[in-house]
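Engineer: need a structure here:
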Amino acid sequence: MKNAIILHGTGDKSTDFWFPYLKSGLEKRGYEVWLPSLPNPEYPNRKEWIPFLLEGGKFSEETIIIGHSAGAQIILSLLEKIEVKIKQAILVSGYAKALRKEADSEKNVDDYDWEAIRPKSEQFIFINSDNDPWTCDDKQGRIIFDKLGGIQIVLHEGHMGSNYHKQPYKEFPLLLKLIG
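Structural biologist: Numbers count the residues shown, from 1 in each chain. Modelled structure (predicted):
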């Protein structure tokens with residue numbers, strides 16, 4: 001059965017931004033969707049998030065994983081760990097290098113095992129903005145694109161969802177179009 005996993009970012013909830021919109025749209029298309037509230041969202045930690053996702057997630061050749069900000073970044077660490085090749089990995093406002101404000105945070109990684117990640121998804125899509133206020137911008141997306149290939153889409157839409165920057169971003173039709 002085709003399934004999707006949608007991951008929120010730092011300080012966010014599963015009810016924020018375009019996450020419920022995407023969940024509803026995918027369910028109408030026959031997807032089983034898991035939109036978890038990730039543990040300790042104010043202080044994301046790979047040591048908490050990865051085991052949580054491995055325990056609760058279903059991963060198969062029909063799985064699509066979509067993540068926003070820290071949720072996008074954790075996809076890279078997750079793909080290092082899973083054994084199966086998924087259908088799509090979509091990183092929205094994702095980043096490859098540690099962000100400036102929390103460079104020592106456990107959520108931030110400066111190097112990945114790109115060779116282990118590359119074969120774990122049939123398709124990679126990176127959606128970044130050229131004006132992201134958190135620096136999860138098109139330059140960060142390009143780093144990941146250069147390592148993994150796929151499709152990079154550059155918008156002028158800020159962080160595509162931010163409570164701090166008052167970007168409610170309740171719908172994201174482009175994502176529904178991109179999901180195979």
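
Engineer: roughly how far apart are Leu76 and Leu174?
Structural biologist: Distance of Leu76 to Leu174, computed by Cβ to Cβ, to the nearest Å: 21 Å. Any C-beta I mention is one placed from the backbone N, CA and C, and that applies to glycine too.

Engineer: more neighbours, the two?
Structural biologist: Taking other Cβ atoms under 10 Å, Leu76 and Leu174 do not tie; Leu76 has more neighbours (26 against 15).

Engineer: low-confidence stretches in the protein?
Structural biologist: Applying pLDDT under 70 to the chain flags residues 98-110.

Engineer: switch to 90 and redo it
Structural biologist: Applying pLDDT under 90 to the chain flags residues 1, 42-47, 96-111, 135, 163-164, 180.

Engineer: strands of that one, residue ranges please.
Structural biologist: Using DSSP state E, the strands of the chain run over 3-7, 32-34, 63-68, 86-92, 121-129, 151-155.

Engineer: let me know how buried Asp146 is, in neighbour terms.
Structural biologist: 11.

Engineer: Ile65 too?
Structural biologist: 28.

Engineer: so what's it up against?
Structural biologist: By Cβ atoms under 8 Å, 6 or more residues apart in numbering, the contact list for Ile65 reads Ala4, Ile5, Leu7, Ile75, Leu78, Ile86, Gln88, Ala89, Ile90.

Engineer: was I right about the last one contacting Leu176?
Structural biologist: The one in question is Ile90. No. If you go by Cβ atoms under 8 Å, Ile90 and Leu176 don't touch, sitting 11.0 Å apart.

Engineer: those two - which one has more neighbours?
Structural biologist: More crowded of Ile90 and Leu176, by other Cβ under 10 Å: Ile90, with 27 against 16.

Engineer: quick one: that one and Tyr43, what's the gap?
Structural biologist: Separation of Ile90 from Tyr43 (Cβ to Cβ) stands at 25 Å.

Engineer: next one: Ile64
Structural biologist: Distance from Ile64 to Tyr43, by Cβ to Cβ: 27 Å.
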